[in-house]
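Asks: Structure of the sequence below:
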Amino acid sequence: MTPKRGTISVLMASSHAMSRELLMGALKRHKHFHVLDSATTAQEAVEAARSANPDVALIYTTLSDGPLSGFGALRQIREFAPDVKSILLFYTHERNLVVDAFRAGARGVFCISESNFKALCRCVEQVHAGQIWASSAELSEVVEAFSQLAPMRVVNADGMRLLTKREEDVVRLLAEGLQNKDIAKELRLSDHTVKNYLFHIFEKLGVSSRVELVLYAVSSSKRMQSADSKTHSLEDEPAGGMESAGKSPIAARTGPGALSAHSRRNKSTA
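Replies: Numbering: from 1, shown residues only. Reported below is the predicted structural model:
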């Protein structure tokens, strides 16, 4: 069945038959959504994402593959179906789940036990519109966890630096939770100059919110750390032992979008 024009096509991945059917039924009754397919394993979710090409994929943390297998589905969907925007669904709030979800490529996180169906619909709509969805508390956890990573170096997939040293300083202070006026004071710049820096940084990286900027920067920093760790590992490896070394993991990278928190806060600006 072809989705109606203007509707949001959705893929559902859950190992719990009852909750999956109930949620799918509710989404089908909503005029703005069209449920394309459902999956119970990570592999099924990835295959469905590639073949059905849904607008949004709702992935539970645990699928039939085992505990937290939903994260594997997130990473593979990000790799093999990058146009699909994924939302991680979980029953109980855990700090690491939120942080790891964004690292794995989620565009939103949603706690089933703490919200209602109306909020979930809003979450799907906002993520489909290119925004990031999380509560204020969840965003604080992400920023806190990510700000502890140093140095803050923004690089592309080939390890090339994308920002100037001064721009990296602005991003680093932003990740530490500083506002524009505090960044200006720390770097001895005017508020207007800091705002201009952020505007150019947003343009360079293709992001449109402060949170997405932090997510992007931390992801690239983790990529650099993984590469550096790999390099040191190879340097320490005795001769003849390099052939067994595998590729270093690459962290999730965010794309264009804007901040959306279901606490009804306004979108962040530079």
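
Asks: check contacts around residue 124.
Replies: With contacts defined as Cβ atoms under 8 Å, 6 or more residues apart in numbering, residue 124 is in contact with 8, 10, 33, 56, 58, 87. Backbone N, C-alpha and C define where each C-beta goes, glycine included.

Asks: What residues of whichever strand or helix holds it count as buried?
Replies: Using DSSP states H and E, residue 124 sits in helix 117-128. Judged by neighbour count using 16 or more other Cβ atoms under 10 Å, the buried positions of helix 117-128 are 120, 121, 122, 123, 124, 125, 126, 127, 128.

Asks: next one: that helix to chain centre, how far?
Replies: Taking Cα atoms, centre = their mean, to the nearest Å, the mean C-alpha location of helix 117-128 is offset from the chain mean by 16 Å.

Asks: tell me the mean pLDDT over that helix?
Replies: Mean pLDDT, helix 117-128: 95.

Asks: mind checking how far residue 211 is from residue 134?
Replies: Here residue 211 is placed at a distance of 8 Å from residue 134 (Cβ to Cβ, to the nearest Å).

Asks: before we move on, what about residue 197?
Replies: 25 Å.

Asks: Pick out the residue closest to the middle of the protein.
Replies: residue 102 (3.3 Å; Cα atoms, centre = their mean).

Asks: any idea how far that one is from residue 179?
Replies: Residue 102 is 22 Å from residue 179, by Cβ to Cβ.

Asks: which stretches of the stretch 51-200 of the chain have low pLDDT?
Replies: 146-159, 177 (pLDDT under 70).

Asks: Can you show me the strands along it?
Replies: 56-60, 85-90, 108-111, 131-133 (DSSP state E, counting those that start in this stretch).

Asks: got those strands as TSV, with mean neighbour count columns?
Replies: What follows is the strands of the stretch 51-200 of the chain, written out as TSV (neighbours: other Cβ atoms under 10 Å):
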stretch	mean neighbour count
strand 56-60	26
strand 85-90	24
strand 108-111	24
strand 131-133	26
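
Asks: Turn the ones you listed into TSV, columns for distance to residue 68.
Replies: As requested, the strands of the stretch 51-200 of the chain are exported to TSV (distance: least, Cβ to Cβ, whole Å):
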stretch	distance to residue 68
strand 56-60	10
strand 85-90	10
strand 108-111	14
strand 131-133	20
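
Asks: so which of the ones you listed comes closest to residue 78?
Replies: strand 85-90 (7.2 Å; Cβ to Cβ).

Asks: May I see the domains of this protein written out as residue ranges?
Replies: 8-135, 165-237+244-259 (automatic domain parsing).

Asks: Name the stretch among the ones you listed that sits most buried.
Replies: Most buried of the domains of the chain by mean neighbour count (mean count of other Cβ atoms under 10 Å) is domain 8-135; its value is a mean of 19.

Asks: can you confirm residue 38 is in a helix?
Replies: No: going by DSSP: H, G, I helix; E, B strand; the rest coil, the assignment for residue 38 is strand, not a helix.

Asks: For the chain, which segments are assigned as helices?
Replies: Taking DSSP state H to define them, one finds helices in the chain at 17-29, 42-52, 69-80, 95-104, 117-128, 136-147, 165-175, 180-187, 191-205, 210-236.

Asks: Quick one: the ones you listed as JSON lines, columns for distance to residue 111 too.
Replies: Listed next are the helices of the chain as JSON lines, based on distance: least, Cβ to Cβ, whole Å:
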{"stretch": "helix 17-29", "distance to residue 111": "14"}
{"stretch": "helix 42-52", "distance to residue 111": "20"}
{"stretch": "helix 69-80", "distance to residue 111": "14"}
{"stretch": "helix 95-104", "distance to residue 111": "9"}
{"stretch": "helix 117-128", "distance to residue 111": "10"}
{"stretch": "helix 136-147", "distance to residue 111": "8"}
{"stretch": "helix 165-175", "distance to residue 111": "24"}
{"stretch": "helix 180-187", "distance to residue 111": "31"}
{"stretch": "helix 191-205", "distance to residue 111": "29"}
{"stretch": "helix 210-236", "distance to residue 111": "18"}
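
Asks: between these, which one is nearest to residue 110?
Replies: The closest of those to residue 110 is helix 117-128. By Cβ to Cβ, the value is 5.2 Å.
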